[in-house]
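Student: structure for the following, please:
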Amino acid sequence: MHCPADKHNTLKFTPSSGGPFCFDSYSGSRYLNGEGHGAGCLFKRNQVQHPSDRFIWIESSDSRGENVGSWWLNIAGTQANGFQGSTFADGNDAPAAFHVVSAVFNFCDGHAESHRWLNGATIAFANALAGTGTPPPANADSLWIAQHYAGTQNP
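Tutor: Below you'll find the predicted structure:
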């Protein structure tokens, strides 16, 4: 799945070049269809209790290659406190900003929506070359993600 606004494909990596073949603009959520397959993971559709409010794919600025690694967030807090303290992970799991200040999320019920980033540090992180940005401290954007990030902590 490739977003036309994602410029990673201009890097000209191909499978035969020895570099990563980066032509996907989305990463799967770690606790739904990603690696880990242990604590925190949901394995069956009926375990996602709020499919219209939990995303399965996030537009991601990850240049490691197609389908290399899933997207994850450093979850802190609980549902009760809105996951206060949750932060973005390293630069390989940066959210994207292919649309300048927004990213697209695909939810478990099949709908997609664009989300506008609110914090300047998130926008800078999302626009940095993948793997090079510094994750910002917890902010409105990381908390929004945490509240829509499916897993046993937030079914």
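Student: what about the helices in this protein?
Tutor: 30-33, 120-127, 140-148 (DSSP state H).
Student: and the spatially closest residue to Val104 that is not a sequence neighbour, what's its pLDDT?
Tutor: In this structure, Val104 finds its nearest non-sequential neighbour in Glu59, 4.6 Å apart by Cβ to Cβ, 6 or more residues apart in numbering. (Glycine included, C-beta is placed from N, CA and C.) Per-residue pLDDT puts Glu59 at 84.
Student: what bridges to Glu59?
Tutor: Assessed by DSSP bridges, Glu59 has beta-bridge partners Tyr26.
Student: check contacts around it.
Tutor: With contact set as Cβ atoms under 8 Å, 6 or more residues apart in numbering, Glu59 has these partners: Cys3, Asp6, Ser25, Tyr26, Pro95, Ala96, Phe98, Ala103, Val104, Phe105.
Student: now do Gln49
Tutor: For Gln49, the contact set (Cβ under 8 Å, 6+ apart) comprises Pro155.
Student: could you measure from it over to Thr87?
Tutor: Using Cβ to Cβ, to the nearest Å, Gln49 is found at 25 Å from Thr87.
Student: doesn't Ser114 make contact with Ala97?
Tutor: No: applying Cβ atoms under 8 Å, one finds Ala97 not in contact with Ser114, separated by 11.1 Å.
Student: so what sits against both of the two?
Tutor: By Cβ under 8 Å, 6+ apart, the residues touching both Ala97 and Ser114 are Ala103.
Student: these two: which has the busier surroundings?
Tutor: Applying other Cβ atoms under 10 Å to Ala97 and Ser114 shows that Ala97 carries more neighbours, namely 21 against 10.
Student: contacts only, for the more buried one.
Tutor: By Cβ under 8 Å, 6+ apart, the contact set of Ala97 is Ser61, Ala103, Trp117, Ile123, Ala126, Asn127.
Student: wait, isn't Gly28 in contact with Trp71?
Tutor: Yes: counting by Cβ under 8 Å, Gly28 touches Trp71, with 6.7 Å between them.
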